[in-house]
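Colleague: with the sequence up front, the predicted model follows.
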Amino acid sequence: MPNMSAKRNEMPVQAPDVRNKNFSEVALGYTEEQAIDEAKRCLNCKNKPCSTGCPVQIDIPAFIAQVAEGNFAEAYKIITKSSSLPAVCGRVCPQETQCESKCVRGIKGEPVAIGRLERFVADWHNAQPETAPEVPAKNGHKAAVIGSGPSGLACAGDLAKKGYDVTIFEALHVAGGVLSYGIPEFRLPKSIVQKEIGGLKALGVKVETNTVVGKTISVDELMKEEGFESVFIGSGAGLPRFMNIPGENLNGVYSANEFLTRINLMKAYKEDSATPIKAGTKAVIVGGGNVAMDAARCAKRLGAEVYIVYRRTEAELPARAEEVEHAKEEGIIFKFLTNPVEIQATDDGWVKSVHCQQMELSEPDASGRAKPVPIDGAFIDIEADCVIMSIGTSPNPLIKSTTEGLDTQKWGGIIADEDGLTSKEGVYAGGDAVTGAATVILAMGAGKKAAAAMDEYMQNK
Amino acid sequence: MFEILEKRSLNPTVTLMRINAPKVARKAEPGQFIILRTDADGERIPLTIADFDRQSGSVTIIFQIVGATTEKLNHLNEGDCLQDFVGPLGRATETEGLKKVAVVGGGVGCAIAYPVAKKLHELGVEVHSIVGFRSKDLVILEDEFRASSSKFVLMSDDGTAGEKGLVTDALKKLIDSGEKYDRVITIGPLIMMKFVCKLTKEYGVPTVASMNPIMIDGTGMCGGCRLTVGGQTKFACVDGPEFDGHLIDFDEAMARGAMYKPFERHAYEEACNLFKEVK
């Protein structure tokens, strides 16, 4: 009999007052009992609506049925048929708008906690003694993957499973892309990211760090001189945007990218880190996305009083509801309908305060979206000694500018068809480099699609 | 890993290292830079490429010991390896169409000015080099500059080497004496470059300054290296490191350069103490 409780099993978490002072993971994960109990809430619908909400179409009811039976190893096998990074996706996917939004149990209660179950299965697997994976026989073809973020890892994993000799080129000194430099330890422990990458290496994937494609070597050289028959570009959207308001270059103003990179990649939150960080005593984060929540929660953990300044209202926040909830619990203060117009300086060139225009929402326009509009003469100053700009990123132009015949959109995104094929033969692209900043799972999906297309291309060449 | 093939002290606080980095050497051009980490817990620091040899696959860096990381770097020896060494980053010095150039270097900046002078000289450009140091014992690369320049002026703050005075004095004198430069290329302390640019602006001589701000990734991702050029925000790592000197907001660059001074001083002292204890 299914478990008909309308409520899902709660995720055990570190208490807000405790966790906002450390960088350890917030969510602690289900126990076996909780996982089995939650899995029993699944009705095992024949038409699998949840799977249609999954960008990589995991056979969700099938893996949950195995969890309900306590067959965690079997559940893991089912998930990894479709997903290369289950421990990552179980943590950072916006399940509430994907698989879980389609769950039948969600109609009259809470949907099955699919993401938490995915995480449970992946963590269970990672806790087992390591077994060497079956390394597929090499098929004699060489493929290159640029960037070791979610799209690149997914693409490399699928190609390696098909026998390709795959090399990932990474600009930074650590693989993982945004999983390593962007998402904080308390949401996604870096040991998990490295474990997933270790899994790919065990499949024979080579990772060359410290290689900036477009500078150290070009796409054309990879293909003509290094013998790569096909190339996947998964270079992400790493270029930070600024507001172009006065005072943005003052000391104490960071892009979210810089702030998070110092903390996550360079470990600046640790006492003995060689890399400095200044979250100040009062930090203002500008923006309302997941990255803004991450930056805010990091600043809080570094001891600052933290404000998130967003020009629309809470209802329009692009961040996941869970992230907003966590941020609030941790004591982050939200200032809605507030838009910075100037960052004011102390005499010695440091941030002193953020001068903000107060906004109101207009009547919804033809598209149904209400626009924030300034309220005449209404301004406030928020005192701060640190400001973090978290208003989005765009694709890095480095590869476009050094690859002949690679077409991009006006805003910088690489133009690719549904399979990821770009304007250049043999060159595929996916993830944020194509779509602009999006989610880990969408990038993974794009990497997998491209891997299938690259396989076909190389086989028929 | 990136082996240190050669290590040489150029003066008490400036060291030259030749690093085995074939991939970087293959693409390096004067004006570009690399980012290195000394060890697995180290910070990323940018250093401009001082020289390279594509054949042997080596890249030369010259650094001044100013902080914890350069102190640690200076404690490594031939045969030791650097943890990370990535590049070449940034844009190369533009040399097209130049016929007569004044290269103005100051202090350790001369290490970066030299390969530029050398490249211009090899291209047949008439090079006048003006280099300045605080005093005689800090002079570096004098012979190298002489070999690449048709005119060489050495300046020192205290008059112990060459003429007493600032590089701007020497540059002004040359321009006043009728030398006509297509371009001035200046590399050195921000305050020096600021005044070189101020001078050449008065004379209407196009000037390029090489910036070396704080940065992390060096690929355009963090924006830590941003500076204002002609009222617009630029990233030194991808848009530079060389910019039109007449448009750079040097005061802002100097303020930004001091952002982590207290942290750096503390880290440097700690590193020094650590090495003292080891001894």
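Modeller: Yes, it's here.

Colleague: show me what from the stretch 51-200 of chain B comes close to chain A.
Modeller: B:68-69, B:83-89 (Cβ under 8 Å from any Cβ of the partner chain). Placement of C-beta: from N, CA and C, glycine included.

Colleague: will you turn these into JSON lines that also has neighbour count?
Modeller: What follows is those, written out as JSON lines (neighbours: other Cβ atoms under 10 Å in any protein chain shown):
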{"residue": "B:Ala68", "neighbour count": "24"}
{"residue": "B:Thr69", "neighbour count": "24"}
{"residue": "B:Gln83", "neighbour count": "15"}
{"residue": "B:Asp84", "neighbour count": "20"}
{"residue": "B:Phe85", "neighbour count": "23"}
{"residue": "B:Val86", "neighbour count": "28"}
{"residue": "B:Gly87", "neighbour count": "27"}
{"residue": "B:Pro88", "neighbour count": "26"}
{"residue": "B:Leu89", "neighbour count": "28"}
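
Colleague: show me the contact partners of stretch A:416-427.
Modeller: A:219, A:223, A:229-233, A:403-407, A:414-415, A:428-430, A:434, A:446, A:449-450, A:452-454, A:457 (Cβ atoms under 8 Å, 6 or more residues apart in numbering or on different chains).

Colleague: and for residue 10, the neighbour number?
Modeller: Using chain A here. The tally of other residues near A:Glu10 (other Cβ atoms under 10 Å in any protein chain shown) stands at 11.

Colleague: um, chain B though
Modeller: Considering only other Cβ under 10 Å, B:Leu10 is surrounded by 18 other residues.

Colleague: now swap in A:Val178 and tell me
Modeller: Using other Cβ under 10 Å: A:Val178 sits among 26 other residues.

Colleague: which residues does residue 75 contact?
Modeller: Answering for chain A, as no chain was given. A:63-64, A:66-67, A:121.

Colleague: um, chain B though
Modeller: By Cβ under 8 Å, 6+ apart, the neighbours of B:His75 are B:Phe275.

Colleague: I'd like to know how far it sits from chain A.
Modeller: Noted for B:His75: a distance of 14 Å to chain A, by Cβ to the nearest Cβ, to the nearest Å.

Colleague: go ahead and confirm A:Val56 touches A:Lys81.
Modeller: No. With contact defined as Cβ atoms under 8 Å, A:Val56 does not reach A:Lys81; the gap is 9.7 Å.

Colleague: which of those two has more neighbours?
Modeller: Per other Cβ under 10 Å, whichever of A:Val56 and A:Lys81 has more neighbours is A:Val56, with 22 against 13.

Colleague: distance of the nearest residue to B:Lys151 once chain neighbours are set aside from chain A?
Modeller: Spatially, and ignoring its direct neighbours in sequence, B:Lys151 is nearest to B:His128 (4.1 Å; Cβ to Cβ, 6 or more residues apart in numbering or on different chains). As judged by Cβ to the nearest Cβ, B:His128 and chain A stand 31 Å apart.

Colleague: next, give phi and psi for B:His128.
Modeller: phi -110, psi 120 (degrees, to the nearest 10).

Colleague: identify the farthest-apart pair in the residues of the stretch 51-200 of chain B next to chain A.
Modeller: Comparing every pair within those by Cβ to Cβ identifies B:Ala68 and B:Pro88 as the most remote, at 25.0 Å.

Colleague: returning to that earlier point: now, which of the residues of the stretch 51-200 of chain B next to chain A lie within strands?
Modeller: Among these, the members falling in strands (DSSP state E) are B:84-89.

Colleague: picking that back up, beta partners of the residue nearest to B:Lys151?
Modeller: Taking DSSP bridges, one finds B:Ala102, B:Lys151 as the beta-bridge partners of B:His128.

Colleague: and which of the ones in strands among the residues of the stretch 51-200 of chain B next to chain A is nearest to A:Met243?
Modeller: Among those, and counting by Cβ to Cβ, the member closest to A:Met243 is B:Leu89, at 26.4 Å.

Colleague: shouldn't A:Val67 be in contact with A:Glu118?
Modeller: No. Under the criterion of Cβ under 8 Å, A:Val67 makes no contact with A:Glu118, lying 9.5 Å away.

Colleague: which one of these two has more residues nearby?
Modeller: Per other Cβ under 10 Å, whichever of A:Val67 and A:Glu118 has more neighbours is A:Glu118, with 29 against 26.

Colleague: which parts of the lowest-mean-pLDDT helix or strand in chain B are buried?
Modeller: Within chain B, no helix or strand scores below helix B:261-278, which has a mean of 78 by mean pLDDT, DSSP states H and E. For helix B:261-278, the neighbour count (16 or more other Cβ atoms under 10 Å in any protein chain shown) marks B:263-264, B:267-268, B:271 as buried.

Colleague: and if you look at stretch B:33-50?
Modeller: Under 16+ other Cβ under 10 Å, the buried positions of stretch B:33-50 are B:33-38, B:42-50.

Colleague: could you export that stretch as CSV, CA atoms only?
Modeller: Extracted C-alpha coordinates of stretch B:33-50, given in CSV (Å, rounded to 0.1, in the frame of the first residue of the first chain):
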residue,chain,number,x,y,z
PHE,B,33,50.6,37.5,-19.0
ILE,B,34,50.3,34.2,-17.1
ILE,B,35,48.6,33.3,-13.8
LEU,B,36,50.4,30.9,-11.4
ARG,B,37,49.9,29.2,-8.1
THR,B,38,52.9,28.0,-6.2
ASP,B,39,51.1,25.2,-4.3
ALA,B,40,47.7,23.5,-3.9
ASP,B,41,46.5,26.1,-1.3
GLY,B,42,48.1,29.1,-3.0
GLU,B,43,46.4,32.1,-4.4
ARG,B,44,46.3,32.9,-8.2
ILE,B,45,48.6,35.7,-9.1
PRO,B,46,49.1,37.3,-12.5
LEU,B,47,52.6,38.0,-13.8
THR,B,48,53.5,39.4,-17.2
ILE,B,49,55.6,37.3,-19.5
ALA,B,50,59.1,38.6,-19.6
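
Colleague: tell me the mean pLDDT for it?
Modeller: The average pLDDT within stretch B:33-50 is 94.

Colleague: equivalent analysis for stretch B:218-234, please.
Modeller: pLDDT averaged over stretch B:218-234 gives 94.

Colleague: what sits against A:Phe120?
Modeller: A:Phe120 makes contact with A:29-30, A:35, A:67, A:72, A:90 under the criterion Cβ under 8 Å, 6+ apart.

Colleague: again but with A:Val26, I slipped
Modeller: Per Cβ under 8 Å, 6+ apart, neighbours of A:Val26: A:13-14, A:19, A:186-187, A:326.

Colleague: if we can go back for a sec, which one of the contacts of A:Phe120 is nearest A:Glu271?
Modeller: Among those, and counting by Cβ to Cβ, the member closest to A:Glu271 is A:Gly29, at 27.3 Å.
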